[in-house]
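A.B. asks: Generate a structure from the sequence data that follows.
(6 chains)
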There are 4 protein chains.
Amino acid sequence: MDIKGEQSLEQAILEVAEKLFLEKGFALTSTTEIAKEVGCNQALVHYYFRTKDNLFNVIFEQKFKLLFQGIFEMKNTGEMKFQDKLKYIIESHFDLLRKNPGIPALILNELSRRPEQIDTLREKLHELPEKLILELNEELQKEIENGNVREISLIDLMVTILSLNIALFIMLPVVEKALQWDVSQKEFMISHRRAENVDFILKSIRP
Amino acid sequence: MDIKGEQSLEQAILEVAEKLFLEKGFALTSTTEIAKEVGCNQALVHYYFRTKDNLFNVIFEQKFKLLFQGIFEMKNTGEMKFQDKLKYIIESHFDLLRKNPGIPALILNELSRRPEQIDTLREKLHELPEKLILELNEELQKEIENGNVREISLIDLMVTILSLNIALFIMLPVVEKALQWDVSQKEFMISHRRAENVDFILKSIRP
Amino acid sequence: MDIKGEQSLEQAILEVAEKLFLEKGFALTSTTEIAKEVGCNQALVHYYFRTKDNLFNVIFEQKFKLLFQGIFEMKNTGEMKFQDKLKYIIESHFDLLRKNPGIPALILNELSRRPEQIDTLREKLHELPEKLILELNEELQKEIENGNVREISLIDLMVTILSLNIALFIMLPVVEKALQWDVSQKEFMISHRRAENVDFILKSIRP
Amino acid sequence: MDIKGEQSLEQAILEVAEKLFLEKGFALTSTTEIAKEVGCNQALVHYYFRTKDNLFNVIFEQKFKLLFQGIFEMKNTGEMKFQDKLKYIIESHFDLLRKNPGIPALILNELSRRPEQIDTLREKLHELPEKLILELNEELQKEIENGNVREISLIDLMVTILSLNIALFIMLPVVEKALQWDVSQKEFMISHRRAENVDFILKSIRP
DNA sequence: TATGAATGAGCCTTCATTCAT
DNA sequence: AATGAATGAAGGCTCATTCAT
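C.D. replies: Residues are numbered from 1 along each chain as shown, chains lettered A, B, ... in the order given. Okay, the predicted model is just below:
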């Protein structure tokens, strides 16, 4: 079925499962369906992952990590101006979502539907790079003192960034279908909002 | 159980179904469960609504209308300053969500999981009060010309408002559990973000 | 399928299940098989009894009660000689088993295979008619003092009775098949052992 | 794990299988579980024994032989008094069961649950030491003639012995759990019943 | 000899739905 | 209007077994 030479079935299952879980969520995806799409016996799905929950968790944690490890990643931003650094953060986060547009919906959804996974979340959250956050906060305070930025807390700023970026990719599939956009219209909207989000935030924190 | 005060069973089913659908989504809510909670026979759910889909759609459309009809509701705002009008819009929308916090997740979710409902949605969207939108846009252009507001399109402004408000109520259940907030912490956060969203937007559109 | 007019399906399921559970035990009896033999849909078995465990327990407790409530039943034995009373007990117990020959195997088996049911057992055991036991013991002691019966404890005596009676019906199916007995041979053996057990015990307690 | 002291895997499988079959019976023991406990691949079980049935039969026949070949084993009893010989037989049989307490349940169970094995059984039964039986019978008749033993048939006597001994080890696991005995209580009961069975029988055959 | 991969069959259970009453 | 009974379909999972290596 595949064009390139026969990856392992285990990998194939993982990929199909990822696709289906992202498309339809946990409850609406059946192991039977995964197997059918992979082209193998249904029992094989259980052979490799024992339970549907297991399989889901493998994918979930992987995606979860991917999503959160990237938020505060700030490579080579040492000498940047604060505003540029902020722009870089917003855009990095946005690009991460752009590459994985289904993930926010998956996480927000399954997390409220299947609360057991909250624990996983808590653990992972504690792995966030605290040092970077502290540094960023320090920098923000300095900018405020120097009159370059209006009074605002880092946490509020970050929540706003998260909200603007995530909301786009959560709402996009709905709007896309409702307005019957084609791919280019959709891509235009994405690019436009990328700039808009940055602009909106930078404009808002002006002193 | 009361003979007098008893609402009709149909109504009771509707209410229980609404509660459960909002709590757990379509897939995880069974007609059996609805019937059990109502205290009636399982067949009755189908007697009144024929199919589970039907029952869901009744609720879905009702909630959908509620959510969107309120966004552009601007009663008695005739003589307000533009900024005050905007503040009023943001807060009205926010308060609507606050009263119906489960609705955004329901709509965004079920809409991408079960795309058949999109048509209904499109119809409903066309019922939006176009006149109000045009008026608002005119007003915005005037403010921009007069130098009271920076250059920005109405659509971008509205998307940003929607994003900030909706994102909060989508992310809230997760954050609430992850950080183990109690009710008062949660309420504080909601009130805080209500003000913050207004502030953030008004600050951002300064010229 | 039945000759007499259509008992309820629920009852039919119960009867078929009883037959199959007695024949093949819990693990080897499937709800599918029960349904097939009843002539109904498999889901119906679960409609009435929810789970296979449930269905089994209904039968198990029923049989368990039946078996133990009869052991110490001594109607109209007031004026009997001790030996006659003992004979009556042994034969009553034996006849109970004869009417329900599959029960001992079922109980002994499922009780060691599925230890959760031990609790049920304990409860039921506590409902045994303690008063009767005490009376019987008193009588036994008197007989020993009077030199009519050799020194022996009531508990040892009862265990021996239980052992002889139960062992027969546990071993019977094996012997029956191994020696290829026909029904009359089997019935003869049963009657013979009934007398033999009584005889053996009465002979043994002679002073 | 030891390289030297390691028995062959075939042997290891056999031992684990024996343990599990005795513990949980045929139906509740899976080849997967056997393999896991042995620490080898699941396919290996089938490599050595082809089918689960096969594996079971190997163990079953082995245990069956062990159980029945020992009943009439009377080493060095040539010059004994008849009563002593009987005592010896009862105790030997009892001790055999004590060493293999799970076997009776296994045999009685699986034989009625899975009757195919009956043929094997028949063959094995015919290997019983007929000569010994005849000798014993002769001796019994002589004792009866001499007035040392009451009138009784050898077959009835042997069935009673088998019954008393086997019934104990069949009922023990249930009673043990039901009364929550600890090991010492259980061992006391076993020793007590060993003496009691002998006593009971010898007392019963008094003239 | 030994194993990882793969499969078909079966099991228990739940569900939405229908129908006669 | 309301219900108990009944069903077909599907789902997750386990198991004994086979096969290529």
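A.B. asks: For the rest of this, base every contact and every neighbour count on C-alpha atoms.
C.D. replies: OK.
A.B. asks: and the nearest residue to A:Lys65 once chain neighbours are set aside, what element?
C.D. replies: With sequence-adjacent residues excluded and distances taken as C-alpha to C-alpha, 6 or more residues apart in numbering or on different chains, A:Lys65 is closest to A:Lys124, at 7.2 Å. According to DSSP states H and E, A:Lys124 maps onto helix A:118-126.
A.B. asks: what does the helix or strand just after that helix rub up against?
C.D. replies: Counting by DSSP H and E, the element after helix A:118-126 in chain order, helix or strand, is helix A:130-145. Residues from elsewhere that reach helix A:130-145 (C-alpha atoms under 8 Å, 6 or more residues apart in numbering or on different chains): A:72, A:82, A:149-151, A:154.
A.B. asks: which one of the residues you listed has the most neighbours?
C.D. replies: A:Val149 (20 neighbours; other C-alpha atoms under 10 Å in any protein chain shown).
A.B. asks: now that one, what's its secondary structure?
C.D. replies: What DSSP: H, G, I helix; E, B strand; the rest coil gives for A:Val149 is coil.
A.B. asks: That one - nearest residue in space that isn't next to it in sequence?
C.D. replies: Spatial nearest neighbour of A:Val149, excluding adjacent residues (C-alpha to C-alpha, 6+ apart): A:Pro207 at 4.7 Å.
A.B. asks: wouldn't that neighbour be in contact with A:Ile152 here?
C.D. replies: No. At 10.0 Å, A:Pro207 does not count as touching A:Ile152 under the criterion of C-alpha atoms under 8 Å.
A.B. asks: So which residues on chain A come close to DNA strand E?
C.D. replies: Neighbours of DNA strand E within chain A, by C-alpha under 7 Å from any atom of the strand: A:8-10, A:40-44, A:47.
A.B. asks: ok, of the residues you listed, which come out buried?
C.D. replies: A:Gln42 (16 or more other C-alpha atoms under 10 Å in any protein chain shown).
A.B. asks: now the contacts of helix A:130-145 in a markdown table, with distance to C:Thr77 and pLDDT?
C.D. replies: Below are the contacts of helix A:130-145 laid out as a markdown table (distance: C-alpha to C-alpha, whole Å; pLDDT from 0 to 100):
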| residue | distance to C:Thr77 | pLDDT |
| --- | --- | --- |
| A:Phe72 | 89 | 63 |
| A:Phe82 | 102 | 92 |
| A:Val149 | 103 | 96 |
| A:Arg150 | 101 | 95 |
| A:Glu151 | 98 | 94 |
| A:Leu154 | 91 | 92 |
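A.B. asks: Can you convert those residues into a markdown table and add a column each for distance to D:Gln117?
C.D. replies: Listed next are the contacts of helix A:130-145 as a markdown table, based on distance: C-alpha to C-alpha, whole Å:
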| residue | distance to D:Gln117 |
| --- | --- |
| A:Phe72 | 69 |
| A:Phe82 | 84 |
| A:Val149 | 88 |
| A:Arg150 | 88 |
| A:Glu151 | 87 |
| A:Leu154 | 78 |
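A.B. asks: Specify which member of those residues is nearest to B:Asp182.
C.D. replies: Minimum separation from B:Asp182 among these (C-alpha to C-alpha) is found for A:Leu154, which lies at 22.8 Å.
A.B. asks: distance of A:Lys99 from A:Gln185?
C.D. replies: From A:Lys99 across to A:Gln185, the span is 17 Å (C-alpha to C-alpha, to the nearest Å).
A.B. asks: Over to A:Asp53?
C.D. replies: The gap separating A:Asp53 from A:Gln185 is 37 Å, by C-alpha to C-alpha.
A.B. asks: Would you point out which residue of chain A is nearest chain D?
C.D. replies: Closest residue of chain A to chain D, C-alpha to the nearest C-alpha: A:Tyr47 (12.2 Å).
A.B. asks: ok, the one helix or strand that residue maps to near DNA strand F or not?
C.D. replies: According to DSSP H and E, A:Tyr47 maps onto helix A:42-49. Yes. Judged by C-alpha under 7 Å from any atom of the strand, helix A:42-49 and DNA strand F are in contact via A:42-43, A:46-47.
A.B. asks: now the next helix or strand after that helix, how far from the chain's geometric center?
C.D. replies: Beyond helix A:42-49 in the direction of the C-terminus, DSSP H and E gives the next helix or strand as helix A:52-69. The chain centre lies 12 Å from the centre of helix A:52-69; the measure is C-alpha atoms, centre = their mean, to the nearest Å.
A.B. asks: Same check on stretch A:108-119?
C.D. replies: Counting by C-alpha atoms, centre = their mean, stretch A:108-119 comes out at 15 Å from the chain centroid.
A.B. asks: if we can go back for a sec, packing partners of the helix holding A:Lys124?
C.D. replies: With contacts taken as 3 or more C-alpha pairs under 8 Å, 6 or more residues apart in numbering or on different chains; DSSP states H and E, helix A:118-126 sits against helix A:52-69, helix B:154-178.
A.B. asks: Contacts for the longest one next, please.
C.D. replies: Read that as helix B:154-178. For helix B:154-178, contacts defined as C-alpha under 8 Å, 6+ apart pick out A:108, A:111-112, A:118-119, A:121-122, A:160, A:163-164, A:166-168, A:196, B:90, B:93-94, B:97-98, B:101-102, B:104-105, B:137, B:140, B:182, B:186, B:193, B:197, B:201.
A.B. asks: quick one, it and helix A:154-178 angle?
C.D. replies: For helix B:154-178 against helix A:154-178, the angle by axes from the mean of the first three to the mean of the last three C-alpha atoms, to 10 degrees is 120 degrees.
A.B. asks: pLDDT on the next helix-or-strand element following helix B:154-178, on average?
C.D. replies: Using DSSP H and E, the next helix or strand after helix B:154-178 towards the C-terminus is helix B:183-204. The pLDDT scores in helix B:183-204 average 95.
A.B. asks: List the buried residues for helix B:183-204?
C.D. replies: By neighbour count with 16+ other C-alpha under 10 Å, helix B:183-204 contains the buried residues B:186, B:190, B:193-194, B:196-198, B:200-204.
A.B. asks: May I have it as CSV, with CA atoms only?
C.D. replies: Only the C-alpha atoms of helix B:183-204 are listed here, as CSV (Å, rounded to 0.1, in the frame of the first residue of the first chain):
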residue,chain,number,x,y,z
VAL,B,183,-14.1,27.6,42.7
SER,B,184,-12.9,30.9,44.0
GLN,B,185,-9.6,30.7,42.3
LYS,B,186,-11.4,29.9,39.1
GLU,B,187,-13.9,32.8,39.5
PHE,B,188,-11.1,35.2,40.2
MET,B,189,-9.3,34.1,37.0
ILE,B,190,-12.5,34.6,35.0
SER,B,191,-13.1,38.1,36.3
HIS,B,192,-9.5,39.0,35.9
ARG,B,193,-9.4,37.8,32.3
ARG,B,194,-12.6,39.6,31.5
ALA,B,195,-11.0,42.9,32.4
GLU,B,196,-7.7,41.9,30.9
ASN,B,197,-9.3,41.1,27.5
VAL,B,198,-11.0,44.5,27.3
ASP,B,199,-7.9,46.3,28.4
PHE,B,200,-5.7,44.4,26.0
ILE,B,201,-7.9,45.2,23.1
LEU,B,202,-8.5,48.8,23.9
LYS,B,203,-4.7,49.3,24.5
SER,B,204,-3.9,47.7,21.2
